[in-house]
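# model this:
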Amino acid sequence: MVKLFAWFGFILVFLLMVTFALANTQTVTIYYYVGQTELRLTILLFFVLSFGVLLGLMANFLWLWKLRRENQRLKKSHQHALHEINTLRTQDISPQ
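Got it, this is the predicted structure:
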């Protein structure tokens with residue numbers, strides 16, 4: 001059911017983007033240090049949005065990579081602690 005709503009939302013956003021692109025066919029002049037260029041407004045918005053999504057994904061992957069490293073470190077520490085506990089359980093601690 002959740003996947004159905006997700007697909008419905010995706011299709012709705014896609015249709016809104018297409019109608020927005022069809023309604024904005026003006027050209028925009030972009031000035032940069034060594035020259036200028038003209039692009040359609042929708043193409044410019046697409047590039048800017050794509051760049052933002054890529055930056056967000058890179059930041060998310062960096063965060064995820066750090067979490068995985070920490071998770072591996074904690075698993076190793078946990079295994080070491082379990083091994084130490086099992087070793088202590090098998091030792092004879094009776095007074096002699």
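
# Could you check stretch 13-23 and say which residues are buried?
Neighbour-count burial for stretch 13-23, counted by 16 or more other CB atoms under 10 Å, picks out no residue. The way it works is simple: take the backbone N, C-alpha and C, and place the C-beta from them, glycine included.

# And it, how far out from the chain middle?
Distance of stretch 13-23 from the chain centroid (CA atoms, centre = their mean, to the nearest Å) equals 25 Å.

# which residues make contact with it from outside it?
For stretch 13-23, contacts defined as CB atoms under 8 Å, 6 or more residues apart in numbering pick out residue 42.

# Pull it out as PDB, backbone CA atoms only.
C-alpha atoms of stretch 13-23 as PDB (Å, rounded to 0.1, in the frame of the first residue of the first chain):
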ATOM      1  CA  VAL A  13       5.400  15.300  -9.200                       C
ATOM      2  CA  PHE A  14       6.500  14.200 -12.600                       C
ATOM      3  CA  LEU A  15       3.300  15.500 -14.200                       C
ATOM      4  CA  LEU A  16       3.700  18.800 -12.400                       C
ATOM      5  CA  MET A  17       7.300  19.100 -13.600                       C
ATOM      6  CA  VAL A  18       6.200  18.500 -17.200                       C
ATOM      7  CA  THR A  19       3.500  21.100 -17.100                       C
ATOM      8  CA  PHE A  20       5.900  23.500 -15.400                       C
ATOM      9  CA  ALA A  21       8.400  22.900 -18.200                       C
ATOM     10  CA  LEU A  22       5.800  23.400 -20.900                       C
ATOM     11  CA  ALA A  23       4.600  26.700 -19.300                       C
END
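
# any chance you could map the strands in the chain?
With DSSP state E as the criterion, the chain has strands at 27-32, 35-40.

# looking at those strands, which is closest to residue 90?
strand 27-32 (71.5 Å; CB to CB).

# Check which residues of that closest one are buried.
When burial is assessed from 16+ other CB under 10 Å, strand 27-32 yields no buried residues.

# now the helices for this structure?
For the chain, the helices defined by DSSP state H occupy 2-23, 41-90.

# Which one of these has the poorest average confidence?
For these, mean pLDDT drops lowest on helix 2-23, to a mean of 86.

# next one: that helix to chain centre, how far?
With CA atoms, centre = their mean, you get 21 Å for helix 2-23.
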